[in-house]
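>>> next input, structure requested:
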Amino acid sequence: MKNSIYVLAFLAFGIFSCQDDDVTPQSVTSVTIKDLPGDPYTGIDPVTMRPTGDKGIFTFFSLSDSSIVSNSDSASTKWDIGIKGSTIIINGGTSGPGQGGAIVYDGIFSDLNSIPDSLSFLVDNNPVFAVDRSWYKYDPAAMVFTPVPGKILLIRTADGKFAKMEILSYYKGAPANPTVRDESRYYTFRYIYQPDGTRKF
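Now for the predicted structure:
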């Protein structure tokens, strides 16, 4: 009888061990995207010297496969983030039909190995968006946008998965010291997407 109990206990331990192994987070790697256009300007007004030619539309992007999603799919869950100028939207709330949410988090990208369970994601509620403007600084004298170091975008994707993102540049070619002459509204960023649904990276 005792032997039977030991066997059952051993089998139960083995089952639970396998279950624990099943939820081990998938190994993930960082992806860098360069010069993703966010409705860039195409010209300059010769009278006012202000940029012109933007179309007023978002560029939609899927974090799961690093692809641009057609504007014709803007009402779908195929995209996770959208960018237009310095505005970033998430596929959820008033911006889309997905489960998307986000928060701008203070931390070091490489050191953040998991999203705290206590963290509550915000959703877009136009004109207020989950990704607020704290991720960048704007110098009105130089007319230059600069990403703030240590600002991480934590994202819940359209299908309820998780990612972390750091924006590295707002200018084409990611110049180290951008000026007003550099082409703006081109995002360079790095991110890690976790496809298994856990908050661990």
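>>> dihedrals phi and psi, residue 134?
phi -70, psi -10 (degrees, to the nearest 10).
>>> not including adjacent chain positions, what is the nearest residue to it?
Leaving aside its sequence neighbours, residue 134 sits nearest to residue 104 (C-beta to C-beta, 6 or more residues apart in numbering; 5.1 Å). All C-beta spots, glycine's among them, are computed from the backbone N, C-alpha and C.
>>> the one you found in helix, strand or coil?
strand (DSSP: H, G, I helix; E, B strand; the rest coil).
>>> model confidence at residue 19, what's the number?
Predicted confidence (pLDDT) for residue 19: 46.
>>> circling back to that earlier point, and the residue nearest to residue 134, bridged to which residues?
residue 153 (DSSP bridges).
>>> contacting residues around it?
Residue 104 makes contact with 131-132, 134-135, 151-154, according to C-beta atoms under 8 Å, 6 or more residues apart in numbering.
>>> specify which member of those is nearest to residue 161.
Residue 161 lies nearest to residue 154 out of those, by C-beta to C-beta, at 12.1 Å.
>>> which residues of the protein score low on pLDDT?
Judged against pLDDT under 70, the low-scoring parts of the chain cover residues 1-23, 49.
>>> quick one: the helices in it?
Taking DSSP state H to define them, one finds helices in the chain at 2-22.
>>> tell me the most packed of the contacts of residue 104, by neighbour count.
Highest neighbour count within those, by other C-beta atoms under 10 Å: residue 131, with 25 neighbours.
>>> roughly how far does the nearest residue to that one once chain neighbours are set aside sit from residue 99?
Excluding the flanking residues, the one nearest residue 131 by C-beta to C-beta, 6+ apart is residue 88, at 4.1 Å. To residue 99, residue 88 is 17 Å away according to C-beta to C-beta, to the nearest Å.
>>> higher neighbour count, the two?
Taking other C-beta under 10 Å, residue 88 and residue 99 do not tie; residue 88 has more neighbours (27 against 18).
>>> does the more buried one touch residue 100 like I think?
No. Counting by C-beta atoms under 8 Å, residue 88 does not reach residue 100; the two are 11.1 Å apart.
>>> need the overlap of contacts for these two.
residue 81.
>>> looking at it, residue 165 is touching residue 155, isn't it?
Yes. Using C-beta under 8 Å, residue 165 is in contact with residue 155, at 6.2 Å.
>>> which neighbours do those two share?
Joint contacts of residue 165 and residue 155 (C-beta under 8 Å, 6+ apart) do not exist.
>>> please point out which parts of stretch 91-104 sit buried.
91-93, 95-96, 98-104 (16 or more other C-beta atoms under 10 Å).
>>> in CSV, list the residues you listed along with distance to residue 50.
Shown next, in CSV, are the buried residues of stretch 91-104 (distance: C-beta to C-beta, whole Å):
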residue, distance to residue 50
91, 31
92, 33
93, 31
95, 27
96, 30
98, 35
99, 38
100, 32
101, 34
102, 30
103, 33
104, 28
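>>> please flag which of those sit within strands.
Taking DSSP state E, the ones among the buried residues of stretch 91-104 that sit in strands are 101-104.
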